[in-house]
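J.: Mind folding the following:
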Amino acid sequence: MARLRALARQAGTSAVACMSELTHLNAAGEVHMVEVGDRAPSRREATAEGFIAMAPEVLALVLAGNAPKGDVLAVARVAAIQAAKRTWELIPLCHPIALSGLAVTIEPSADGRGLRLEATARTTGSTGVEMEALTAVQVGLLTLYDMVKAVDPAMTIGPVRLLVKTGGRHGDWRHPGLAELPADG
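T.: Below you'll find the predicted structure:
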């Protein structure tokens, strides 16, 4: 609570005002699970991305499908999907969500030094899917690490971030660091 008050002072607001933005805290500042039963179901989608840097020769092995443990990319995609479906079991205050879809792509990063994993989670429900998209990315990246750590234990994971979310009470959101998309999509 002291840290929350300090952050609120830095932001020029009160701790009470700051707490009202933290939905997992009740009026007394205690942790609780947010009630979402009174929210109207709506279509919600969230996309997250993450990166894993690796030695060029390891990247070449992975992309060629010649890693010692086999098709690393396929295993990581399955792990990401499985993780998204079980997010509520991993993150204490998340609600179980019926995902209507989850897309996972893994491709070489733009700088050519590793892989970029992107996950898009979708649902029609009363709470968002940001945590499912982020969990999918994290576990997919950890799986990539696990599958090739024997040949490159110096791999580095990160950054991981939410890119966009649509739907819900707070509407659409886009990471401020993203370049604007062209008008035609």
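
J.: Which stretches in the protein count as strands?
T.: For the chain, the strands defined by DSSP state E cover 42-53, 101-108, 114-125, 156-166, 173-174.

J.: a markdown table please, covering those and showing mean neighbour count, mean pLDDT and distance to D146.
T.: C-beta coordinates here come from the backbone N, C-alpha and C atoms, glycine included. Listed next are these as a markdown table, based on neighbours: other CB atoms under 10 Å; pLDDT from 0 to 100; distance: least, CB to CB, whole Å:
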| stretch | mean neighbour count | mean pLDDT | distance to D146 |
| --- | --- | --- | --- |
| strand 42-53 | 21 | 95 | 11 |
| strand 101-108 | 16 | 98 | 14 |
| strand 114-125 | 22 | 96 | 14 |
| strand 156-166 | 15 | 97 | 11 |
| strand 173-174 | 14 | 95 | 32 |
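
J.: longest helix anywhere in the chain?
T.: Ranked by residue count, the top helix of the chain under DSSP state H comes out as helix 130-148.

J.: Show me what that helix packs onto, helices and strands only.
T.: Packing contacts for helix 130-148, counted by 3 or more CB pairs under 8 Å, 6 or more residues apart in numbering; DSSP states H and E, involve strand 42-53, helix 56-64, helix 72-85, helix 87-90, strand 101-108, strand 114-125, strand 156-166.

J.: Dump those into a markdown table; add distance to T143 as well.
T.: Shown next, in a markdown table, are these (distance: least, CB to CB, whole Å):
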| stretch | distance to T143 |
| --- | --- |
| strand 42-53 | 10 |
| helix 56-64 | 12 |
| helix 72-85 | 4 |
| helix 87-90 | 14 |
| strand 101-108 | 10 |
| strand 114-125 | 9 |
| strand 156-166 | 11 |
